[in-house]
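Colleague: coordinates only, sequence not included:
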C-alpha cells in the first residue's frame with residue numbers, strides 16, 4: 001500500500017451489507033463468484049462469529065447471505081469476523097484486490113470451545129471462540145450482541161492470563177496451514193497487514209470486558225486495566241517477533257471504534273493514559289523493523305483524537321464518517337501528513353447523480369494532495385441501488401485515474 005503523492009490511489013470500497021449485494025445481483029451485477037461464509041474456524045482474527053453466521057436457519061451458506069453480514073471490499077481487510085470477500089463487484093468495476101491480514105491468533109490461545117445454550121427459529125445463543133457469550137437474532141442477521149464477557153474481575157483475568165495468554169505457546173497460535181500462507185504472503189501482490197479486528201487498546205478491552213464495565217474500571221481498577229493492556233501488548237509483540245523474520249507486512253491495523261456521533265467515548269487524558277503508551281510501544285517496534293504504516297480504525301467523530309493518535313505513532317486513520325461531522329478537506333488542511341481512507345457519505349449515493357457529483361468534490365480536493373484512498377465511510381447500505389452505485393463508482397474511478405500515474 002502506498003500513500004505517496006503522485007502514486008495511483010487504490011480502488012477500494014470498505015464493504016457492503018449482504019442484503020445490498022443480493023439486491024445488486026438481481027439488478028444486473030454479474031454473479032460469477034458469490035461471497036460465501038467460511039465455516040472452518042482457524043483463528044479469532046478470521047473466524048470470530050463464524051458459528052453465528054452459519055448456524056441453522058441463519059441464512060448463511062452458498063446460496064444466500066445473512067442480510068446483515070459484511071462483505072469486505074478491500075478497505076475493510078480480509079479475513080475478518082468470518083465475513084466473505086467480494087469478488088464480483090471488484091471485477092465489475094475493475095477495483096484492486098483486498099488488504100490481507102496475517103491470519104494468526106492474537107487473542108486467547110487455546111481458543112474457547114463453542115457452546116450453544118439456546119437455538120430456535122429466531123434466536124441462537126452461544127459462547128464464541130473468544131469466550132464471549134452472545135445472542136444472534138436470525139431474522140436481523142447482524143453482528144451478534146454480547147451478553148456476558150470472560151473478564152469479569154481480577155480473579156477471572158488472572159486465570160485467563162495464566163491459561164490462555166502466556167508466552168509459552170506462541171507457535172500454537174499459528175494456523176495449521178501457516179507454511180502455505182507464508183508462501184503466499186512472501187509472493188503477494190496485495191497489501192499485507194498485522195492486527196485488525198478485534199485488536200486494539202480500547203477495542204479489545206471493550207470486547208472482552210463490556211463497555212459499561214470498562215468505563216467503570218478505568219476509574220476504579222486502573223491497575224487492572226494496565227495489566228490487561230501490558231499483557232496483550234507483550235503477547236502481540238511476541239507474535240510479531242515470531243513472524244517478522246519470516247515476512248514483513250506493509251502495515252499494522254489497530255481496531256478501536258472509540259468514537260461515537262459526538263466525540264470520544266472517553267476523555268483525551270484517558271486516551272493518553274490507557275492507549276497512547278501501548279500504541280507507541282508497538283508502533284516504534286514495528287517501524288524499526290520495516291513496517292512503516294500504522295492505521296487506526298474508529299467510527300464517529302474522532303476530530304479531537306487525531307493529534308493524540310498521531311503523537312503515539314499512528315500514521316493514518318479511517319473511515320471518517322461524514323454523518324458524525326468528519327470532513328476530509330478540513331482534516332487534510334489540519335493534518336497534511338495524515339494518511340486517510342474513506343470519507344465518502346455512503347447513504348448519499350442513493351440520492352442520485354447530482355448528489356453523487358457533489359459528494360465527490362471533497363474527494364477531488366483531497367486526492368490531489370496524495371495520501372488518500374477514497375471509499376464509502378462504512379458498509380454500503382441496501383438503499384443504494386446498483387444504478388446509482390455504478391455511476392458513483394465509475395466517477396470515483398475516473399478521479400483516482402486522474403491523479404495517478
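Modeller: Okay, I see it. Computed from a predicted model, the values in this text were never measured in an experiment.

Colleague: CA atoms for contacts and neighbours, from now on please.
Modeller: OK.

Colleague: separation between the nearest residue in space to residue 95 that is not next to it in sequence and residue 401?
Modeller: Residue nearest to residue 95 in three dimensions, not counting chain neighbours: residue 11, with 4.8 Å by C-alpha to C-alpha, 6 or more residues apart in numbering. Noted for residue 11: a distance of 10 Å to residue 401, by C-alpha to C-alpha, to the nearest Å.

Colleague: of the two, who's got more company?
Modeller: Higher neighbour count among residue 11 and residue 401: residue 11, with 23 against 15, using other C-alpha atoms under 10 Å.

Colleague: how far away is the more buried one from residue 188?
Modeller: Residue 11 is 17 Å from residue 188, where distance means C-alpha to C-alpha.

Colleague: residue 269: neighbour count?
Modeller: Neighbours of residue 269 under the rule other C-alpha under 10 Å: 11.

Colleague: for it, which three-state class applies?
Modeller: helix (DSSP: H, G, I helix; E, B strand; the rest coil).

Colleague: contacts only, for it.
Modeller: Shown in contact with residue 269 (C-alpha atoms under 8 Å, 6 or more residues apart in numbering): no residues.

Colleague: give me the buried positions along stretch 280-300.
Modeller: Within stretch 280-300, the residues that qualify as buried by neighbour count (16 or more other C-alpha atoms under 10 Å) are 280, 282-283, 286, 291-300.

Colleague: need these in JSON lines with secondary structure, can you?
Modeller: Shown next, in JSON lines, are those (three-state DSSP):
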{"residue": "280", "secondary structure": "helix"}
{"residue": "282", "secondary structure": "helix"}
{"residue": "283", "secondary structure": "helix"}
{"residue": "286", "secondary structure": "helix"}
{"residue": "291", "secondary structure": "coil"}
{"residue": "292", "secondary structure": "coil"}
{"residue": "293", "secondary structure": "strand"}
{"residue": "294", "secondary structure": "strand"}
{"residue": "295", "secondary structure": "strand"}
{"residue": "296", "secondary structure": "strand"}
{"residue": "297", "secondary structure": "strand"}
{"residue": "298", "secondary structure": "strand"}
{"residue": "299", "secondary structure": "coil"}
{"residue": "300", "secondary structure": "coil"}
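
Colleague: tell me the bridge partners for the residue nearest to residue 78 when sequence neighbours are not counted.
Modeller: Spatial nearest neighbour of residue 78, excluding adjacent residues (C-alpha to C-alpha, 6+ apart): residue 100 at 5.1 Å. Under DSSP bridges, the beta-bridge partners of residue 100 are residue 78, residue 192.

Colleague: residue 100 and residue 75 touch, don't they?
Modeller: No - Residue 100 lies out of contact with residue 75 (C-alpha atoms under 8 Å); the separation is 10.2 Å.

Colleague: ok, the two, which is more surrounded?
Modeller: Ranked by neighbour count (other C-alpha under 10 Å), residue 100 and residue 75 place residue 75 first, with 27 against 21.

Colleague: list the contacts for the spatially closest residue to the more buried one that is not a sequence neighbour?
Modeller: Once flanking residues are discounted, residue 75 sits nearest to residue 14: 4.1 Å by C-alpha to C-alpha, 6+ apart. Residues near residue 14 by C-alpha under 8 Å, 6+ apart: 72-76, 342, 375-380.
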